[in-house]
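Q: here's a sequence, model it:
(chains A, B, C and D)
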4 protein chains.
Amino acid sequence: MRIRYGMVGGGPGAFIGEVHRMAASLDGEIELVAGAFSANPSKSREHGERLGLPAERTYVRYQDMAQREASLPADERIHFVSIVTPNHLHFDIAQTFLEAGFHIVCDKPLTNTVEEAETLCRLASEREAVFAVTYNYSGYPMVKQARALCADAALGEIRRVAVEYTQGWLSTRLEAEGHKQAEWRTDPARAGVAGALGDIGTHAEHLSRYVTGLDLQALCAELTTFVPGRRLEDDAHLLLRFEGGARGTLSASQISVGEENRLSLRVYGTRASLEWRQQEAETLLLRHRDRPTEVYRRGHPYLAPAARHAARLPSGHPEGFIEAFANLYRAAGRAITARDTGARRDPLDLDFPTVQDGAHGVHFVHRAVESGQTGGWVDATYTLPGTTRLAAE
Amino acid sequence: MRIRYGMVGGGPGAFIGEVHRMAASLDGEIELVAGAFSANPSKSREHGERLGLPAERTYVRYQDMAQREASLPADERIHFVSIVTPNHLHFDIAQTFLEAGFHIVCDKPLTNTVEEAETLCRLASEREAVFAVTYNYSGYPMVKQARALCADAALGEIRRVAVEYTQGWLSTRLEAEGHKQAEWRTDPARAGVAGALGDIGTHAEHLSRYVTGLDLQALCAELTTFVPGRRLEDDAHLLLRFEGGARGTLSASQISVGEENRLSLRVYGTRASLEWRQQEAETLLLRHRDRPTEVYRRGHPYLAPAARHAARLPSGHPEGFIEAFANLYRAAGRAITARDTGARRDPLDLDFPTVQDGAHGVHFVHRAVESGQTGGWVDATYTLPGTTRLAAE
Amino acid sequence: MRIRYGMVGGGPGAFIGEVHRMAASLDGEIELVAGAFSANPSKSREHGERLGLPAERTYVRYQDMAQREASLPADERIHFVSIVTPNHLHFDIAQTFLEAGFHIVCDKPLTNTVEEAETLCRLASEREAVFAVTYNYSGYPMVKQARALCADAALGEIRRVAVEYTQGWLSTRLEAEGHKQAEWRTDPARAGVAGALGDIGTHAEHLSRYVTGLDLQALCAELTTFVPGRRLEDDAHLLLRFEGGARGTLSASQISVGEENRLSLRVYGTRASLEWRQQEAETLLLRHRDRPTEVYRRGHPYLAPAARHAARLPSGHPEGFIEAFANLYRAAGRAITARDTGARRDPLDLDFPTVQDGAHGVHFVHRAVESGQTGGWVDATYTLPGTTRLAAE
Amino acid sequence: MRIRYGMVGGGPGAFIGEVHRMAASLDGEIELVAGAFSANPSKSREHGERLGLPAERTYVRYQDMAQREASLPADERIHFVSIVTPNHLHFDIAQTFLEAGFHIVCDKPLTNTVEEAETLCRLASEREAVFAVTYNYSGYPMVKQARALCADAALGEIRRVAVEYTQGWLSTRLEAEGHKQAEWRTDPARAGVAGALGDIGTHAEHLSRYVTGLDLQALCAELTTFVPGRRLEDDAHLLLRFEGGARGTLSASQISVGEENRLSLRVYGTRASLEWRQQEAETLLLRHRDRPTEVYRRGHPYLAPAARHAARLPSGHPEGFIEAFANLYRAAGRAITARDTGARRDPLDLDFPTVQDGAHGVHFVHRAVESGQTGGWVDATYTLPGTTRLAAE
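A: Numbering: from 1, shown residues only, chains lettered A, B, ... in the order given. This next block holds a predicted model:
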């Protein structure tokens, strides 16, 4: 069964929309058949045309798309919608499509308030919808290997986590120069309560939680806005306490001149430690106490099933960002098939970040902002309302 | 205009067929609509089905495919065929489709004899066909940057070239254990006169020629078959002389245990030198005589047009093998559009390895084998028959 | 003039004593002529003998050494003493030798209280003694290059500093297994108020201050003791605020399994950023906003005078820890010659960390401990008593 | 017992003389007590003075040094001479000191003819002299680890060796600009029959032989002189055949712009492969067929005895070129003690390159030059005259 989807947002010039489309279609299992790419009618139409969509399935208002797609025959209408708009629109769009009976893939941060995120969790649960949130870095095979090593206690008990996501592209006031991506990301009305934290810090938080399985207990944040005139923080550094006693640090910065997308994770246990960096995404270092460091590489038979399952090419032919992103889409697509057909799938096929992960992220960002404002430690534990049921899902 | 293609070969289990399909479709400009995936009828049919092709366009014999596709209306039939079979079949298939009026994308080495390669050059020229040969490593943005730096004389006059493509996967006699990829690659009847040289050495040769623009003048090769029972060399090391006086070394080895796909190129000029390695494909080092080494990275505005044009993602989000391969397909697709519609395209859109490059490669492999057998230097200059006309193309 | 010195501490098995001796003698300008290597008379004597010292200049009590050396003719007695004992002894020894008229090279942390550190500052100033503290990492040529780049505003205005010194060797309770180095470092009576912070965190603090020239304003620390039974923290993470508004993070950890001596510094400015790591000590990365990253390497003419002056070998022949340490000794030795002879020296010859840097470090450690205990931000500004006069020194 | 030595050559401005002195004295076991630093009397005298030598032991003519030192009391005179002059002088000096009863440490290439090298072998044997040749790269701990891994068959049977030593400093005609180091190295009268090969190629040859234990059987060389006006080759590339069937490549180039001292070695066996690079001298990669690559690092207990024995610092505090060089001196010094006192030493203490290694190197260079001139394969087997006896040493 080929999965059909529509996209909201991702019009001309939106880098991330293009990434979503390449990722979704990479394996030939998912097909773009509809879209509301822009609130500007002619832009949306032209974009749809460029993508080879029939005119009648290129929409301007997402509400129309939800309504009309729902009215199409089951073998024609979209299975899910992919939401790639600025943050403040996620909630309304997701709610609309959930209520219209569709599955969802939504960009992060999921929503601009915790309440909205929890509403989506509840709705998704009620509607039995598959709801993926694009914490795409968890799609890298070697990140999955890292998670497997932690789960297998290869590291022993975890003591220390160091995660970082830093960039330099917002080191000047790009938003004042007509740079659209910079504009909405630095605008509280659209980006929400946070800048760097919401845009990339939430990726770092998810990555560390995904790999270690540890929940946060408390955090202490230092948020700074370096670029004059900017209204949201562009640099954030956090001290973290995890349940069970592990300690951590998290840095998210967009004024780190010269950094491209420096996402890295290190986890130190009582027996061994691991290090992964997006810039060398195919490599995972496992450092031991008393024998040589091991260099795990994507594509080898010695890897954990989750890491092998997430790879497409032989080792040494580099995979990258799109393949990692595609893993998320592929898993969401297969989960949708499973949900809709009742077929059973290998759990390896269903490994993607969910609406609950999205809620976790929104909660994290809000607590970090609170800590940054008060200048001290704040509680960061989070229990999703109705978690019991969701966990059983 | 969306380009349609059919595939010959690339049935179940053939890694490279899957790569070709992901690469061809990545940008949404090229669509798979037909295929003769296997000589086994049921395998070919099932494979076509899995790929979503209608039954009537899944063929068993490529001859039937050529004939029937040619009989379809112009807006339905394939524009080109992608040939991903073992080497010994390339020639017949390519000739058949050229004669049936189609464009071609063909795997390397192009053919098993120089004569066949030259016949294809002639035919492509006569038929005014676009004919790409998948020297896919030239699709990497930083390889294009390397080429631009050489062309701009950033290195000064080139003195030394060191190119290497080494792997370890054939360090044991896999071909005796039912490993299909190993079987045909080590079988003279299918692989041709050479093993490692034809499979990967030809990539190294093309990469160095593509980047430096230098033609070979002479070579001295040492070919060795290390694995007992194997019939083709699995390890090759060459001394090279280029026209103009530059010197070089080329290593192609498939018994280099522990190497994944170690493809690297270094070029030393009178003023600067460069180094690129597939394993860190996003990085190009430019070493200067009297100032700090520069690290060129994919995705930056400071790059040459060809390198910028070949990138899809922001710097720091790794691209890889598939994107490089996709660049070849995209360029071939656009060249086909230009040829068929008469539209003019930016030369940047048309940068792909051609049938002439393929002939160069076949010639190189044969001369290397000759040198290996005689144990000394051999002439390696090569002038394609009818080059003048082809160059004007 | 060859400089003569005596050593206190550094007996058999003390790794750091051996390092000091190799470093001091590397350039042939400084000579070991006396020592009180151990409180155990026979150990001290044997050690002195092994080092080729005459019996009459191998002492047991450092007090005897100070007194007797002071009584020797000027062309025979030591110029300075090198103090390489556990921390708690530094103060008494340094005070004794200062009062006896000698110059000092002392290990870090300088003392166990701020008051002691300030006393030594005052004494050194009164006696016009040269007093070096072995913040040896500032001796690396590429660290000096980093400092020069900051001073020249190559980075623009500094916004962010990330410094880290992490190790794994104390991840188990080595101190309970008779490991002498571990024993005193984890014993509050000998190590002082801090564990990891005093042992390596103070190096990180000095390194960042040396390179950036920025003073601390406030800090917020999280100190943890992971190894059961241990009495001092073995893991510390700090948020930093610098005067002028820059932000920073500092990690010092000795339970980071698999890390050897991971000392790294990154500094981000408005124009460029730099990164240095001890593990690749010969390399300094300078990342720009709009052109390729530059790789500065030790030994090249393009480096700043301070970096060139600190190098002994051609680029590409690796220098390391001992040479960096030797730079500190060489500068201290030359400062002593200058002080004692009144000769003028090039400022490049006199670049070493001083007793004031030592006091800074002690103050930093105490504030970090205070923050760790109170769990919040504390003031971290520090003005040395009598700084005006010392600065004029 | 402290070992005393004198130096011939190494006057003002001679980089390598300074290196020898730092290396010799690093461990406090060897002391410089005499020298004939320059044929220019005042230069030699001033240099000796600068080094703290008494005037009567600073010589102008090495012959005088040999004669007078031999006449001194046994507990005063030098034990060995260190010869750091240009190549053409090595033979006469070494012969003179051997005949005067001294041990020798001599720079490479040992001599300018094979006959001279063999004469020195014979003389050393007759005189029972310790004779070290400064193939200093074999002093790196991780090179010794590589050798131990090969000896332990961790790699299985060796199939392929790739060794390279490339530099860029002679990419222009420095010798015409008064650059002394360049002058004699490019002058056949002083450097001998080869340029790059004699200066650095011989290091590469020794390194590969030291690590693998394999002897050469045949070679095919391409030698080029790129810089106009230069009289010796500045670029050399060789194909190698080893006894037992292994194949190899060796590159030595001094016109490789941007390379500092790129010395690297890779060895591929049937089971595993290793890679070492001087630029990251503390790391040795061991790549396996079916498990993660291992990163061996200097300073760890898991290393082979020879590698542990050759280290001075904890892992992570970088050691470098001087320490490697010092290992050679320390071993030679201990061998001298053993020879002179009859004491037994651990074989680990006696691991240094000998006069026989030096003869091997000279033979290798001559055969490579012969091959370069004739343009084909030449026999490269070498059996030292009287090897049996020497081997029993």
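
Q: skipping adjacent residues, who's closest to the residue of the stretch 1-150 of chain A at minimum distance from chain D in space?
A: Per C-beta to the nearest C-beta, A:Gln145 is where the stretch 1-150 of chain A lies closest to chain D, at 10.2 Å. (Each C-beta comes from the backbone N, C-alpha and C, glycine too.) Computed as C-beta to C-beta, 6 or more residues apart in numbering or on different chains, the closest residue to A:Gln145 that is not its neighbour in sequence is A:Ala307, at 3.8 Å.

Q: next one: the one you found relative to B:Gly375, how far apart?
A: Counting by C-beta to C-beta, to the nearest Å, the gap from A:Ala307 to B:Gly375 is 46 Å.

Q: what about these two, which has more around it?
A: Counting neighbours by other C-beta atoms under 10 Å in any protein chain shown for A:Ala307 and for B:Gly375 shows that A:Ala307 has the greater number, 24 against 14.

Q: hmm, that one is touching A:Gly139, no?
A: No. Between A:Ala307 and A:Gly139 there is no contact under C-beta atoms under 8 Å: 11.3 Å.

Q: got any ranges where the stretch 201-350 of chain A has weak pLDDT?
A: Nowhere does the stretch 201-350 of chain A drop to pLDDT under 70.

Q: residues of it that sit close to chain B?
A: Counting by C-beta under 8 Å from any C-beta of the partner chain, the residues of the stretch 201-350 of chain A close to chain B are A:259-262, A:278-282, A:297, A:299, A:312-323.

Q: inside strands: which ones of those residues?
A: A:Arg262, A:Arg297 (DSSP state E).

Q: just the residues of the stretch 201-350 of chain A next to chain B that are near chain C?
A: Checking these against chain C by C-beta under 8 Å from any C-beta, the ones in range are A:Glu259.

Q: could you list which of the residues of the stretch 201-350 of chain A next to chain B belong to helices?
A: Counting by DSSP state H, the part of these found in helices is A:Phe321, A:Ile322, A:Glu323.

Q: okay, now the last one: neighbour count?
A: Residue neighbour count, defined by other C-beta under 10 Å, stands at 30 for A:Glu323.

Q: ok, A:Ser82 - contacts?
A: Neighbour list for A:Ser82: A:Tyr5, A:Gly6, A:Met7, A:Val8, A:Gly10, A:His20, A:Ala24, A:Val105, A:Cys106 [criterion: C-beta atoms under 8 Å, 6 or more residues apart in numbering or on different chains].

Q: around chain C, which positions in chain A sit nearby?
A: Taking C-beta under 8 Å from any C-beta, the part of chain A that reaches chain C is made up of A:156, A:159-160, A:162, A:168, A:171-172, A:220, A:222, A:224, A:226, A:235, A:237, A:239, A:241, A:245, A:247-249, A:251, A:253, A:255-259, A:268-273, A:287-289, A:293, A:375-377.

Q: cutoff 7 Å now
A: For chain A, the residues in contact with chain C (C-beta under 7 Å from any C-beta of the partner chain) are A:159-160, A:168, A:171, A:220, A:222, A:224, A:226, A:235, A:237, A:239, A:247, A:249, A:251, A:253, A:255-258, A:268-273, A:287-289, A:293, A:375-377.

Q: which of these are buried?
A: A:159-160, A:168, A:171, A:220, A:222, A:224, A:226, A:235, A:237, A:239, A:247, A:249, A:251, A:253, A:255-258, A:268-273, A:287-289, A:293, A:377 (16 or more other C-beta atoms under 10 Å in any protein chain shown).

Q: picking up where we left off before, need the ones in helices among the residues of the stretch 201-350 of chain A next to chain B in TSV with distance to A:Ala194, can you?
A: Converted to TSV, those look like this (distance: C-beta to C-beta, whole Å):
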residue	distance to A:Ala194
A:Phe321	23
A:Ile322	27
A:Glu323	29
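
Q: if we can go back for a sec, assumed the residue nearest to A:Gln145 was part of a strand.
A: No. Counting by DSSP: H, G, I helix; E, B strand; the rest coil, one finds A:Ala307 to be helix, located in no strand.

Q: check the gap between it and A:Ala148 for me.
A: Counting by C-beta to C-beta, the separation of A:Ala307 from A:Ala148 is 7 Å.

Q: for the stretch 151-300 of chain A, which residue gets nearest to chain B?
A: Proximity of the stretch 151-300 of chain A to chain B (C-beta to the nearest C-beta) peaks at A:Glu260, 2.5 Å away.
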